[in-house]
Each structure stands twice: as structure tokens, then as C-alpha cells.
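J.: based on what follows, work out the 3D shape:
(chains A, B, C and D)
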Protein chains: 2
Amino acid sequence: MVTIRELAKKCGCSASTVSMVLNNRPLARYIPATTKATIRQIAVEMKYQPNIFAQSLRANRSYTVGVMVFDITDPYCTYILRGIENKLNAASIAYLLFDAQNNRERFDRNLESMLQRRVDGLILVANSLQTDPAVLEKVEIPHVPVVVIGRELRGLEFASTVVINNHRGGYIALEHLYTLGHREIAFIRGPKTIADSVLRWEGIGKFAKEANLKISREWTLELVEVPTTSAEGLEAVKSLLHAGRRRFSAVLAFDDMTALGVIRGLSEAGLEVPRDCSVIGFDDIDAAGYYNPPLTTVRQPMLRMGEEAASALLDYVNAGQKKRKAQVVHRVLEPEIVVRRSTGPVHKAQKKTAGQLHEARKSGEQ
Amino acid sequence: MVTIRELAKKCGCSASTVSMVLNNRPLARYIPATTKATIRQIAVEMKYQPNIFAQSLRANRSYTVGVMVFDITDPYCTYILRGIENKLNAASIAYLLFDAQNNRERFDRNLESMLQRRVDGLILVANSLQTDPAVLEKVEIPHVPVVVIGRELRGLEFASTVVINNHRGGYIALEHLYTLGHREIAFIRGPKTIADSVLRWEGIGKFAKEANLKISREWTLELVEVPTTSAEGLEAVKSLLHAGRRRFSAVLAFDDMTALGVIRGLSEAGLEVPRDCSVIGFDDIDAAGYYNPPLTTVRQPMLRMGEEAASALLDYVNAGQKKRKAQVVHRVLEPEIVVRRSTGPVHKAQKKTAGQLHEARKSGEQ
DNA sequence: TCCCGAAGTTCGATTTAAATG
DNA sequence: GCATTTAAATCGAACTTCGGG
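T.: Sure, this is the predicted structure:
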């Protein structure tokens, strides 16, 4: 690897001159254009690449940010990551990836690791288990700027946030089912420990109130585990069906994974989606698009969330570099409904709702 | 941030002493145990953390490896990544993640970027578009050790590989269908440009020959695009069904994404899986497990592939550090069949095979 | 005074060579 | 000669300061 001194020798000048020229410093302003051109040319010829270790040491910057996701195998995370990558790439900033694997100890270890490596900033893709403000206190010490995705978090003067309007998401999900004529709807709520879940439920409540729709407690289940899995959705819908005479013509699930399990549960019980029962999810993960049948869902703009987060972080870091005062931002993105084939109107022909149909078939089988 | 000199002052000794003690250098051997203990204790109290920039500059190592995947939104990649993460984490090595996004220019840019950042080694999760040996030539120049996952590549003395036995995979996939009684089988091959695809096809051919099974050219389609999508699987099976009087009772798809599309295509054509037609995939991505119905597939041990790759890289890097001669390795992992619900026996009652059934229904509808 | 360029210092940890009692 | 410690050099880029024309 060629150093700046070797390059300087070849150019017949000093290292300072080379440095100033290649970095377009003000001091290089009076150096003749021909000299500059020669230096640049020789630099290319010799494939000179400034040693990033030396640069980092000098500038006290790593030119690297840290990104921690709560679960890299979760497609929600990977699309956010794609958004982050797009922005960072454009700014020639590389990133260290850390995966918390839904595990608090790992989360803490990773955080430690990122700080030890002196990242210029960090992005946390959070499920709510992990990012209570307390966790971030240790981040404050070296004043590393942070952007948190997916978790409301105000009042920390070094932390920006990017979230979606979960309240609105819950609202439009129920609205969609209502518009299709559904009045008897089962709900599979997310764990109460998750902030998203609470907000979505409030949005659902708001629409119900406005539409004068009654939410039956008996058709409302609550998931307990994070992460959610399709297996839980499957179990949930089975217990709903076993609840007996209950009737419902649609299921509103906390998220896509749950919803996919619900669809499978209905299929296995001999019910067809959406003919016998509609199902709606939340997120719009890839699998929603290619499921059998494809899932209607409330879409989180994951790519944009990642891009916004990366932009916010870069702005903050660059501002700090130029000694301007950096501003935290709190962005709220709007979700949108994506209508596919898992929801449909309540047919006139559809005399019986899902629960009843199931009952009927069961008796028929026996 | 406290430096080693500040720490030394507090300890009443020189920076050299502190350095030697904290790093357990041989020279520290005669330093009294009490002194050492004091130094260590004060280091903890002052929260001393060696500046990694300075360490890197001195040692000419980044203590960081680069990992490039071909598509971070592909679940195949994320499980491999999880395996890599597990091993690297245990060795306190962080990694820079790069995503080629199935794009050759990005691949090259990222490679450049990794080298510029002087990673200690790199892992490439390759689809075959990208890793012809020529690409790796530029890696050789700075003698950076490489591990390639998913692509056979011998003869480069700095590159290890981790692959699965694709030939065997194809063999056992067909064997599974054959054992269930299927004799009339449709094939959706992968693109010929992908090495995996060719090898799997050879394995299929081998079993067919041994079992004296005829592979009909008319029931064999070939995908052209990378990445594969479920949409292509759907299209493929539709064109198979439209081919008319053709009869087949099972479909062997190139990979899971394709297979999932096939299942949906069959469903949309009114055929039930596996009653009317069995479907088998390849990979065992998450979605295979929660699909409707769950997919029988040939499993690639992705977690292990990642772990093996990371281990191989660490071994190589550490060997180089200790000036032992580093060894490249070429690991071949065995795939295994995962039987779920998308395959079943050919029923005696199943008078007609999928193609015929479809024909029958079509006429019935008209 | 203005233009051009170089010598020398800094960043922080590690290591070599050498110096103490 | 031995146990114990340290001053000084090193890694490479960037910037401050200074000097010659």
C-alpha cells in the first residue's frame, strides 16, 4: 500500500502539498494548476488510497455508523435495512451491522461494541422490548447521535425517531373491513408490552366508536410473545373457532405473520379465505404478497423509514462536523392500505359467518 | 475519552507499562502482581478503552471483516448472516455489511469500498451472477482472505468456499416424489446461468436414470430471471396447465420462491395441494414453513453455512496474524429433505392427474 | 506583501531499545 | 547479570506554522 510520503517523493514535493491538493484545502489555492494536475494524476497511477486508520485517528471519526436491528431474519428489518443502505451508500458511509436477535443481553453487548468502535452515529431498529429510554442513557455519554426506528421517544436531545402512525393504521384497517360490510369482526391484538400494539388498538377503537361498531371482548385475543409467529396466529384462530357459537366474518390481526397463520388456520378448518372469512394484517412483508391467498394489509413504508432514518443521522453527523448545532427530528410516516385477495365483501349468499360455518361442518363431519 | 497516558499518570507509571500489563505482554512478566492489579483496577475505574483507530493504525488491522450478500431482503441471505454473526460475535469481530442488491455495479463498488476500509477479510454470499473468478482477482492484490458461500471456486489460494451438495439435493428431491408414487412429474428448472441450477438438474437426472423414470421435455420449463420470484412460479405452472392434455401429479421446483408461486397457481386453477398435485421446493426459507399449505422442501443448512464460513475466515486471519501459513478450505454441506404438507402419495382414488383434472374442470365450467 | 511549499507536530497505542537500582 | 521500568520511535494523514523568493 502506497503512503502519502511515497507519493510525495514521486511527485517531487512534500506530503503536506499532496495532502492539501488531494483534499482541496484552501491552502492549496495558490498552487499552480499544472502542479495539482500532476499530483492528482500520479496519485491515480500509483493507486494511492489514504489510510483510513490514520485518517480516523487524526479526525477522531470512523466514517462508519452502527446499525442494530432486533432480528435480521425478520423481513420487516431487512427492508428498513435496504433503505438505510441506499442512503448511506450514496454518502460513502459504511455501516457495521449488529443483530440483537430479540435478546436484551445481546442488545446491550452490541451497543457496547458499537461505542467501543467509535461509530459516528447509530441507528436502532427497535421492537419495543429493547428501547426504553434507560437503554439509551449510556449512549449519551460519548454524545453519539442516534436515530430510533419504530419507537416513539421524545425528549432526548441527541435522539431522532422515525415511526409510522400506528393509530391511523389501526383505524384504516378496521375501516377497510367495515366498508366491505363486515360487522362481526374478531381481533387478534399484539402484546400489550409493545407500544405499537396499544396505538393500533386505540385507532381501532376510534373507528369503532365513530362507526358505532361494537367490539366483542369474546372475539378479542391478545398475543403474548415477541416476536410474533404465524404459529400463534394459527392457534389464536383455532381457539376462536372452538369458542363455539361465536360468529365473525373477518379477522383483524396484529401483523402479517399473525395474519398468515390465521389464514392457514382457517384453511385447515375447511374455511376459505375470503369467501368464508376475510383476514387483514399489518406491515406488508414480502410473504404477504405471495401468500396463498395474497394478504390484504396495512403497509408500513419500510424502505422510506430506513431512508429517512439514515438521512436524519447523516444530517446530524454532518452538522456536528461543521460545528453547526445539530437538530433532532421526529418523523411520522403514514401507513396505507394494500388490498389483495384475503379480504372481500360479505356476500348476500354468505348466510353464515365463519364461526357458524365451522360449527356446521363439524357437526356434518360427525 | 481517557487515553493510555492519562491512565499511566494516574497509575504513577509510564504508558509502556500500562500497555504491556493490559495486553499481557511477555515483557510484563517481571512486574509485581500487585502493580499489575492496581493498573488493571484503575483502568476499569477510569473506564479506559483503547482507541481502536490508534490500534488499527499501529497493527495495520481493522479488527473488522466485510460481508457482502447479494440481496439482503432474500431470506436465504439473512439466515446465513445470522450464522456469520454468531461466530464473529463470539470472536469480538465486527463486520461491515454490504448489499449488492443483485447488481453487478454495486457489487464492484462495494468490493472497492471494503478494500478501501481495509477489512481483515471478507465473506461473499454469492449468487452465481456475481462471482466469476475474475471478480475476485482484484481482491488478490492486497491479499485479503475471502470466503465465498454458495459458489464452487477452486484454485485461488486465498479463497475458501462453503457450498452445499446441490447434486445430492436434486437427487433426494426427486427421490422423495418417486417414493410417494409419483411417476408423472413436471420440472421447473432454475436459470442455466446459475451453477446451482445445473448441478441440481444433474442430480435429478441421476435419480431418474437409476429409477428408470422418464423426464418429459414438455413438462420441463426453465426460469430465466435472477432473482427468482413466486410470480414466475405462478406463471410457469399456469403455462404447464394450459399445455392441455399433459398429465402430471407433482411439480419439482427450482427453489422455494418458485414452489410457493406454483402452489398458488394450482390453487387459483382450482387444484388442491397435495391432493391433486404435490409440490416440492428447495432452500427451506421461513415462508416454506408457514405457507398455506406448508411446503415440503430440500433444506440448505443456512445457519451452518454462515458459521462455517465465518470460522474458516477467522482461522485464516488468525493464522496470518501468527505468521503460520494459512489454509484455505472447501466445505461441502449436505442438504436434507424436510417433509411438510405440500407433498403426498398418489392416491388410488386419484384417477386423474393434475393436468387432466384441470382440463376436466375447464370443460365443466364452460 | 503576496505566493508557494515544506518542516514539524498531532492523534493514541504499541514496541524496541535502553536505562535504572 | 538480573529484575523492573521507560524514553523514544513507529504507524500515516492532516494541519499549523514558518521561511524563502
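J.: before we move on, which element is the nearest residue to A:P335 once chain neighbours are set aside in?
T.: Distances taken as CB to CB, 6 or more residues apart in numbering or on different chains place A:G169 nearest to A:P335, at 4.1 Å, with adjacent residues excluded. Just so you know, the C-beta spots here come from the backbone N, C-alpha and C atoms, and that holds for glycine as well. Secondary-structure element containing A:G169, defined by DSSP states H and E: helix A:166-179.
J.: what about the helix or strand that that helix is followed by, near chain B?
T.: Using DSSP H and E, the helix or strand that follows helix A:166-179 in sequence is strand A:185-189. No - under the criterion of CB under 8 Å from any CB of the partner chain, chain B is not reached by strand A:185-189; the shortest gap measures 15.3 Å.
J.: quick one: strand A:185-189 to helix A:166-179, angle?
T.: Strand A:185-189 runs at 160 degrees relative to helix A:166-179, counting by axes from the mean of the first three to the mean of the last three CA atoms, to 10 degrees.
J.: give me the distance from strand A:185-189 to the chain's centre.
T.: Between the centre of strand A:185-189 and the centre of its chain there are 24 Å (CA atoms, centre = their mean, to the nearest Å).
J.: in its sheet, what does it sit against?
T.: The pairing partners recorded for strand A:185-189 under DSSP bridges are strand A:220-222 (parallel), strand A:250-253 (parallel).
J.: right, and the helix or strand after that strand?
T.: Moving toward the C-terminus from strand A:185-189, the next element (DSSP H and E) is helix A:195-211.
J.: find me the pLDDT at the residue of the stretch 1-150 of chain A found nearest DNA strand C, would you?
T.: Nearest residue of the stretch 1-150 of chain A to DNA strand C: A:Y30, at 2.4 Å (CB to the nearest atom of the strand). Note on A:Y30: pLDDT of 85.
J.: what do you get for A:E140?
T.: pLDDT recorded at A:E140 is 67.
J.: can you check the one 10 residues further on too?
T.: Predicted confidence (pLDDT) for A:G150: 92.
J.: that one contacts A:N127, correct?
T.: Yes - the criterion here is CB atoms under 8 Å, and A:G150 meets it with A:N127 at 7.0 Å.
J.: these two: who's more crowded?
T.: A:G150 (27 against 24; other CB atoms under 10 Å in any protein chain shown).
J.: show me what contacts the more buried one?
T.: A:125-128, A:162-164, A:196, A:305 (CB atoms under 8 Å, 6 or more residues apart in numbering or on different chains).
J.: please tell me how far it sits from chain B.
T.: 17 Å (CB to the nearest CB, to the nearest Å).
J.: over to A:T179?
T.: Counting by CB to the nearest CB, the gap from A:T179 to chain B is 25 Å.
J.: go on, A:A253?
T.: 13 Å.
J.: please name the nearest non-neighbouring residue to that residue.
T.: Per CB to CB, 6+ apart, closest to A:A253 is A:A259, 3.8 Å.
J.: the one you found: what's it in contact with?
T.: A:A259 sits next to A:233, A:251, A:253, A:279-282, A:288, A:295, A:297, A:342 when contact means CB under 8 Å, 6+ apart.
J.: following the helix or strand where it lies, which helix or strand shows up next?
T.: Assigned by DSSP H and E, A:A259 falls within helix A:256-268. Proceeding N to C from helix A:256-268, the next assigned helix or strand is strand A:278-283, under DSSP H and E.
J.: partner strands of that following strand and their direction?
T.: Partners of strand A:278-283 in the sheet, by DSSP bridges, are strand A:250-253 (parallel), strand A:296-299 (parallel).
J.: for A:G121, which of those is the nearest?
T.: strand A:296-299 (27.8 Å; CB to CB).
J.: who touches that closest one?
T.: Contacts for strand A:296-299 (CB under 8 Å, 6+ apart): A:169, A:172-173, A:176, A:256, A:259, A:278-284, A:288, A:335-343.
J.: after that strand, next one along is what?
T.: Counting by DSSP H and E, the next helix or strand C-terminal to strand A:296-299 is helix A:302-321.
J.: which strands and helices sit next to that next one?
T.: Secondary-structure packing of helix A:302-321 (3 or more CB pairs under 8 Å, 6 or more residues apart in numbering or on different chains; DSSP states H and E): helix A:75-90, strand A:122-125, strand A:146-149, strand A:159-164, strand A:330-333.
J.: now do the longest one: distance to the chain's middle.
T.: Meaning helix A:75-90. Distance of helix A:75-90 from the chain centroid (CA atoms, centre = their mean) equals 9 Å.
J.: for that helix, what is the average pLDDT?
T.: pLDDT averaged over helix A:75-90 gives 95.
J.: show me chain A divided up by domain.
T.: Domain ranges of chain A: A:58-164+A:303-334, A:166-300+A:338-362, per automatic domain parsing.
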